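Student: Here is my input, please return the structure:
(one chain, ligands or ions: 1)
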Amino acid sequence: MATARHYTAYRPRVFTPAERKDVTILLGGLTWKHERLVQGVFENMGYRAQPLPNVSRADLEAGKELIDVGACCPTTFTTGNLVRFLKSRTEIEGAREVERKYVFVTAGACGPCRFGQYHESYTLALDGMGLRDFRLFLLDQTQLDQGSTPGGGLEINLPFSLGVIWALLCGDLLTDLEYRTRPYEVVPGSTDRVLAASVERLYAAFHDRPRRPGTLRSIGWHLASSYFVRALREVKALWDTVEVDRLRVKPRVKITGEFWLQTHEGDGNYDIKRWLEKEGAEVVPPPIAVWLDYLIHLTLQQLEDRGRSDAAARRKSRLVGGVRRAYHWAYGRLRAALDEVPAPLPDQDELARLAAPYYHHRIDGGEGHMLVGKALYAHLHRHAHMICELSPYACMPNTMSVGAMSNVLGQHPDLLYAPIEVKGDAEVHALSRCQMVLTEAKKRAQREFEEARESTGLSLDALRTVVETQRGPRRALFAVPHAGCAGTAANTLLHLARLAH
Ligand code: SF4
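Tutor: Now for the predicted structure:
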């Protein structure tokens, strides 16, 4: 007769330094670009590392079978992703070898969100597969120096964490270039070709990064060295070979939403960014850098609250303020190596201020007030014609933000907003909903372009003649001055008109 087994919390078996040469660290949850660069950081620190395959629809089905039914869609997708990979390896190598040869590293947190429960889903699934001894380690996303995981095989120290942060920033910069270039490329496929080469160049930079042991030396080197700036200048030379036609009129669509869904590129969000491009849009992707900035901002807020009666909190607050300034400076420096074409970081204080009438910035969990703040920021600064907000099925924090957006729309009825609930298996419904709003965004982009052209008194032919005599606007790495329009074509037109006069 079967006997019931009582619940025991998962404790990973130890992972020792001696095992490093035989054990592969699996990572996932980001775009292929970010993961490749982070892989370079792991390898630089002496680990073997491998990104999981990109998430697919089959991962959703696998996740549903093994974890609780109320799990949010990102948890289901990412658990299924790990499970399917391990299953495929188990069929080839056997369960005991898989437990010995692989470990999984992922980010964790606490708060009013299933992000704090990811590891429970993973362990439930591992139990279901008979891989209870498989090792998975959680990294705290708010701690740069966490010491060693049990056994000392993986050490989360400052040189490692700074490498990961720099890798995420570089991944963001490439992603920004990718999405602002591909819709306008003259030679189809040239963006993806240059992007792949850029990722490999930066992967090599992270893989070969000079090691500066020790906290202060590592911080000093990352802030002062031109090592990554030089690598990015080589990347810049690659992008300079891509020719674009920015007079193609396209609606700009800002992606917002839950962290994983908005960052992801693939089946996990119906591959909506590529879909939008195929539908004729220019996508404004969400940088991970903004999320990291938000985490610093949250910490500062908490310290400021405590600092009213606590001198230690006030001192720490000054320190975190310095970290924040250094972070912005570092991002700006990397961005400058790409001629300042990728977008700058938005001001977190402004995001909080914009969101304040609708969503209190002390409420964290999920994207907190940022979902509302980013939508208003893009709309009021005319950075996008439309907001596409990706909400995971069964996500509590996002449900609150979407509710707050109803009030925002009441106050800003001209904000084009497409909230898409992503369940993973209702693609046609979700995309057709997005398409309805996109149709209006296309009309707005066209209208804006025509009005801009009429204001210049120039014909389209005359503008094209100006383009032919100017190499600048035909380069992928050309920062089109923002002339108050949301669309790239309208801003380019106004810039060309200035050159013509
Ligand atoms: S924010 Fe929502 S979707 Fe993301 S992990 Fe938390 S509950 Fe899941």
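Student: and the helix or strand hosting V103, what does it pack onto?
Tutor: Assessed by DSSP states H and E, V103 sits inside strand 102-108. Contacts defined by 3 or more C-beta pairs under 8 Å, 6 or more residues apart in numbering; DSSP states H and E place strand 102-108 against strand 24-27, helix 73-93, helix 118-128, strand 135-140. All C-beta atoms are positioned from the backbone trio N, CA, C, and that covers glycine.
Student: Parallel or antiparallel, list what pairs with that strand.
Tutor: The strands that strand 102-108 pairs with in its sheet are strand 24-27 (parallel), strand 135-140 (parallel) (by DSSP bridges).
Student: where among those is the average confidence lowest?
Tutor: Of all the strands paired with strand 102-108, the minimum mean pLDDT falls on strand 135-140 (a mean of 84).
Student: L438 against L276, yeah?
Tutor: Yes - look at L438 against L276 with C-beta atoms under 8 Å: they come within range, at 7.2 Å.
Student: of those two, who's got more company?
Tutor: Comparing L438 with L276 by other C-beta atoms under 10 Å, the one with more neighbours is L276, at 26 against 23.
Student: hang on, the earlier thing: and the helices and strands packed on strand 102-108: which comes nearest the ligand?
Tutor: helix 73-93 (4.5 Å; C-beta to the nearest ligand atom).
Student: Next, the buried residues of that closest one.
Tutor: Neighbour-count burial for helix 73-93 flags 73-86, 89-90 (criterion: 16 or more other C-beta atoms under 10 Å).
Student: and the ligand, which of those contact it?
Tutor: Counting by C-beta under 6 Å from any ligand atom, 74-75 from the buried residues of helix 73-93 sit close to the ligand.
Student: just the strands in the stretch 101-250 of the chain please.
Tutor: 102-108, 135-140, 147-148, 155-156 (DSSP state E, counting those that start in this stretch).
Student: Let's have the ones you listed in TSV, adding distance to H297 and mean neighbour count.
Tutor: Listed next are the strands of the stretch 101-250 of the chain as TSV, based on distance: least, C-beta to C-beta, whole Å; neighbours: other C-beta atoms under 10 Å:
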stretch	distance to H297	mean neighbour count
strand 102-108	18	19
strand 135-140	17	19
strand 147-148	26	12
strand 155-156	22	18
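Student: Out of those strands, flag the one nearest V320.
Tutor: Nearest to V320, of all the strands of the stretch 101-250 of the chain, is strand 135-140, at 16.1 Å by C-beta to C-beta.
Student: pLDDT wise, what is V437 at?
Tutor: Per-residue confidence (pLDDT) for V437: 97.
Student: Identify the residues contacting it.
Tutor: Shown in contact with V437 (C-beta atoms under 8 Å, 6 or more residues apart in numbering): 386, 388, 416-418.
Student: switch to 10 Å and redo it
Tutor: Going by C-beta atoms under 10 Å, 6 or more residues apart in numbering, V437 touches 251, 253, 385-388, 416-420.
Student: before we move on, what SS does it have?
Tutor: helix (DSSP: H, G, I helix; E, B strand; the rest coil).
Student: Check the gap between it and F449 for me.
Tutor: Using C-beta to C-beta, to the nearest Å, we find V437 at a distance of 19 Å from F449.
Student: ok so, going back, mind checking which of the contacts of V437 land in strands?
Tutor: Members of these lying in strands (criterion: DSSP state E): 253, 386-388, 417-420.
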